[in-house]
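Visitor: need the 3D shape of this:
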Amino acid sequence: MTSQLRRSPLRTVAALVAAVTAVLLALVGCSVDKSGADSGKPTIRLAYQSFPSGDLIVKNNRWLEEALPDYNIKWTKFDSGADVNTAFVAKQIDFGAIGSSPVARGLSQPLNIPYQVAFVLDVAGDNEALVARNGTGINTVADLKGKRVATAFASTAHYSLLAALEQAGVKPADVDIIDLQPQASLAAWQRGDVDAVYTWLPTLDELRKDGKTLITSRQLATDGKPTLDLGVVATDFANAHPDVVDTWRKVQARALTVIHDDPQAAAEAIAAQLGTTPEDAANQLKQGTYLTPAELATPTWLGTEGNPGNLAENLHSAAVFLAGQQQIPSAPPLSTFQAALYTKGLPGVLEQS
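Guide: Residues are numbered from 1 along each chain as shown. A predicted model of the protein is given here:
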């Protein structure tokens, strides 16, 4: 699903609703791999993205298929968090890998998506960044005024781009911000159609070969605008199948353990999914921050059952920022985000993994 070119520095609410409708229609014809599906079994539908994370390790090693033999497991690839949100709106998926900014947007009006955050896949570091193409004369974020910058709208990269512009004192209206998915932004970069791109791995590494990094998400996190990749589950599905959610969390925790304890095995699994070399995948993994299963259930992140963690504060802060940037009508109260953390069984569920 490739985004159409849109040249508005700010998306209005009306445009957002129109975009949701358009992608809903596109989903009807979306190609999904159903090979090996047993029609006699219920199906669990998962949305994944091609960024290095434990989610790709779980997929590559078929751990969920092994752990849940009484279900069909259907993985569908999405290009960005905006598309994952739209799939949830269309009730096309049960689980999804998605960035924190799209989640903050999804939990706010007009989307109000009934899903919950059940896992932290990674904390963005140098694996998301703003890169300027060589020869454009751009050396700082402030130099982007009057330039053409591509990013995937409603993604963590889009959020970070707006944060970087605000930090540099540049109004978004003074930049020609173009909505392009990672691969489309790379093609536009190679044609010379854009001057800079804010995106994530693996496309980011291709841009770095002929560009200069202006700022990374790691730097923005230090300045109070952190972004994360999260695992979310539809609330109705979680209520109906808490045992499945427990199993999904356990295999995701297993993947985090592999990243920490056996980085070579982690790199090989991710390389197989990204179509790259284990060396390249290992380099990509080094650019992100991956929590341990024990850290997930601490007050800093998800918290424990009955005591939602500070991740809710992070999402609320992101929603406040998005509202200030006129990306959403208003930010919901903190309680909305606290209720959206799926902490059932924590920390015990992860300790058993």
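Visitor: going by C-alpha atoms from here, please, whenever you check contacts or count neighbours.
Guide: OK.
Visitor: just checking, what packs against the top strand by length along the chain?
Guide: Ordering each strand of the chain by length in residues (DSSP state E) puts strand 115-123 first. Helices and strands touching strand 115-123, as assessed by 3 or more CA pairs under 8 Å, 6 or more residues apart in numbering; DSSP states H and E, comprise strand 228-234, helix 235-240, helix 242-261.
Visitor: which other helices and strands does the shortest one contact?
Guide: If contacts are counted by 3+ CA pairs under 8 Å, 6+ apart, helix 235-240 sits against strand 115-123.
Visitor: the following helix or strand past the longest strand of the chain: how far from the chain's middle?
Guide: Sequence-wise, the next helix or strand downstream of strand 115-123 (DSSP states H and E) is strand 128-133. Centroid separation for strand 128-133 versus its chain: 17 Å, with CA atoms, centre = their mean, to the nearest Å.
Visitor: could you do stretch 67-82 as well?
Guide: Relative to its parent chain, stretch 67-82 has a centroid offset of 15 Å by CA atoms, centre = their mean.
Visitor: re the thing from before, deepest in the core, which of the helices and strands packed on strand 115-123 is it.
Guide: Of the helices and strands packed on strand 115-123, the one with the most neighbours on average (mean count of other CA atoms under 10 Å) is strand 228-234, at a mean of 23.
Visitor: mind listing the strands it pairs with, and their directions?
Guide: strand 95-99 (antiparallel), strand 115-123 (antiparallel) (DSSP bridges).
Visitor: what lies in contact with the longest strand of the chain?
Guide: 53-55, 97, 107, 226-236, 249, 252, 288-291, 296, 301-302, 339-343 (CA atoms under 8 Å, 6 or more residues apart in numbering).
Visitor: before we move on, the earlier item: out of the helices and strands packed on strand 115-123, which comes closest to Asp70?
Guide: Asp70 lies closest, by CA to CA, to one member of these: helix 242-261, at 10.8 Å.
Visitor: so how far is Glu313 from the closest residue to Leu274 other than its chain neighbours?
Guide: Of all residues not flanking Leu274 in the chain, Ser50 sits nearest, at 6.5 Å (CA to CA, 6 or more residues apart in numbering). For Ser50, the distance to Glu313 equals 27 Å [CA to CA, to the nearest Å].
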